[in-house]
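Trainee: model this:
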Amino acid sequence: MPMRSMIESAVAGAVLLMGVVAPLAAAPVYKWVDAQGQVHYGDTPKPGWTRVDRAAPAPGAAARTPAPAVDEVQAQLRIEQCARRREQLETYQNASQVVTRDVLGSERVLSETERLRLIEQTQRQVAELCGAES
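Mentor: Numbers count the residues shown, from 1 in each chain. A predicted model of the protein is given here:
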């Protein structure tokens, strides 16, 4: 492939990428604090939200929006998944019966053996997601 063609392909790719990324940068960001005092950010408003306005860069300056580190985001997601799984486990443990629903809406009551297996599976998930705190 000739060098000129490679450069043209690279430029076309960069232009296409900017066309995809630019609308995302303009999307609103919302901030809210949950009942446990955890701060969350997202693209859809939640109860108690406030809009986070991104400052426009000075002319000629590169746009820089501080983003939480990937590790922080992953840690926050893990904490949220842990809390949901713990809640799910408590529900299964306190339920006299567990009913499942398939994609067509048909319901089926789990046997006691199936319910206990579900509790064991959820306990393993809690241990995996929550680590030493479980």
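Trainee: Every contact and neighbour count from this point should use C-alpha atoms.
Mentor: Fine.
Trainee: Leu77: what's it in contact with?
Mentor: Contact analysis of Leu77 by CA atoms under 8 Å, 6 or more residues apart in numbering lists nothing.
Trainee: buried stuff in the helix or strand encompassing it?
Mentor: Per DSSP states H and E, Leu77 falls inside helix 70-94. For helix 70-94, burial by neighbour count (16 or more other CA atoms under 10 Å) applies to 81-82, 85-86, 89, 92-93.
Trainee: Please state the mean pLDDT value computed over it.
Mentor: Here helix 70-94 scores 88 as its mean pLDDT.
Trainee: Kindly report the same for stretch 107-125.
Mentor: For stretch 107-125, mean pLDDT is 92.
Trainee: Residues contacting that stretch, please?
Mentor: 85, 88-89, 92-93, 97-101.
Trainee: ditto for stretch 82-91
Mentor: For stretch 82-91, the external contacting residues (CA under 8 Å, 6+ apart) are 119, 122-123, 125-126, 129-130.
Trainee: next structured bit after the helix holding Leu77?
Mentor: With elements assigned by DSSP H and E, the helix or strand that comes after helix 70-94 is strand 99-101.
Trainee: Quickly run through the sheet partners of the next helix or strand after that following strand, with directions.
Mentor: Scanning forward in sequence from strand 99-101 by DSSP H and E, the next helix or strand is strand 107-109. Partners of strand 107-109 in the sheet, by DSSP bridges, are strand 99-101 (antiparallel).
Trainee: what comes into contact with the strand it pairs with?
Mentor: Identification of contacts with strand 99-101 by CA under 8 Å, 6+ apart yields 107-110.
Trainee: Which of those has the largest number of neighbours?
Mentor: In terms of neighbour count, Leu110 stands highest of the contacts of strand 99-101 at 14 neighbours, by other CA atoms under 10 Å.
Trainee: phi, psi of that residue?
Mentor: Leu110 adopts backbone torsions of phi -70, psi 140, taken as degrees, to the nearest 10.
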